[in-house]
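> Sharing a model prediction with you, sequence too.
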Amino acid sequence: MSRIGKKPVTVPAGVTVTIDGATVTVKGGKGELTRTFSDLVTIAQEGSEVLVTRNDESTESNAQQGLTRTLIHNMVIGVSEGFAKKLELTGVGYRVALKGTGLDLSLGYSHPVLVDAPEGISFEVPDNTHIVVKGISKEQVGQVAAEVRAKRPPEPYKGKGIHYEGEHIRRKLGKAGK
């Protein structure tokens, strides 16, 4: 039995959940998210709670129950509060600027690197070495942050590059001197 899957998802005030078979639509103050789930689970709403139950006793439906409950929970949190990922630039001359809705990154290449914000994602640049990726979909925020980080991943010798806030970069010693 999935311990996470058995917990109900509490829907806060101001958020509406519409269930149409295997399709769940969540509307809130920040926007609207829709997702279709597997038919191995049944989704039902009782008052201000959403319940996810398994249709059979297989291990696959057990995993689907926990996954479905977590995805619905993330949808509810996204439309009510939103999600954010923070990135830091480390290195001499590495900087970022907001250019329209996208980013203009100087990462030590011979050209600036431009990153456009996809629909539903916004960038904030508090200073020239920090980036905040915001949106209502946790999956999309994480994907866009990973794509920005991939433009110059941190290297293990000097630690230069783009990394998540609080991420520990494992350092190597480098060449041993005589």
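Here it is on my side, so go on. Numbering: from 1, shown residues only.

> contacting residues for the closest residue to Val115 other than its chain neighbours?
Leaving aside its sequence neighbours, Val115 sits nearest to Leu103 (CB to CB, 6 or more residues apart in numbering; 4.3 Å). Placement of C-beta: from N, CA and C, glycine included. By CB atoms under 8 Å, 6 or more residues apart in numbering, Leu103 lies in contact with Val96, Ala97, Leu114, Val115, Ala117, Phe123, Val125, Ile131, Val148.

> Now which of these would you call buried?
When these are checked for burial by 16 or more other CB atoms under 10 Å, the buried set is Val96, Val115, Ala117, Phe123, Val125, Ile131, Val148.

> I figured Gly108 hits Arg152, correct?
Yes: using CB atoms under 8 Å, Gly108 is in contact with Arg152, at 7.1 Å.

> coming back round to it: ok, and the residue nearest to Val115, which helix or strand is that part of?
Assigned by DSSP states H and E, Leu103 falls within strand 102-106.

> Now do the helix or strand just after that strand, average pLDDT.
Next in sequence after strand 102-106, counting helices and strands by DSSP H and E, comes strand 113-115. The pLDDT scores in strand 113-115 average 94.

> Give me the contact list for the following helix or strand past strand 113-115.
For strand 113-115, the succeeding helix or strand toward the C-terminus, using DSSP H and E, is strand 121-124. Outside strand 121-124, the residues that touch it by CB under 8 Å, 6+ apart are 98, 101-103, 117, 131-135, 140-141, 144.

> Sort out which one of those residues lies nearest Gly28 for me.
Nearest to Gly28 among the contacts of strand 121-124: Gly135, at 13.2 Å, using CB to CB.

> Which positions in stretch 86-97 come out as buried?
Under the neighbour-count criterion of 16+ other CB under 10 Å, stretch 86-97 has Leu87, Glu88, Leu89, Thr90, Gly91, Tyr94, Val96 buried.

> got it, and stretch 25-35?
Buried residues in stretch 25-35, counting neighbours by 16+ other CB under 10 Å, are found at Val26, Lys27, Gly28, Lys30, Leu33, Arg35.

> doesn't Ile4 make contact with Asn62?
No: using CB under 8 Å, Asn62 is not in contact with Ile4, being 10.5 Å away.

> neighbour count winner among those two?
Remark: of Asn62 and Ile4, Asn62 carries more neighbours, 17 against 12, as counted by other CB atoms under 10 Å.

> For Gly108 and Arg152, indicate the residue with more neighbours.
Arg152 (20 against 13).

> circling back to that earlier point, in the buried residues of stretch 86-97, find the pair that's most separated.
Spatial extent of those (CB to CB) is set by the pair Leu87 and Gly91 at 13.0 Å.
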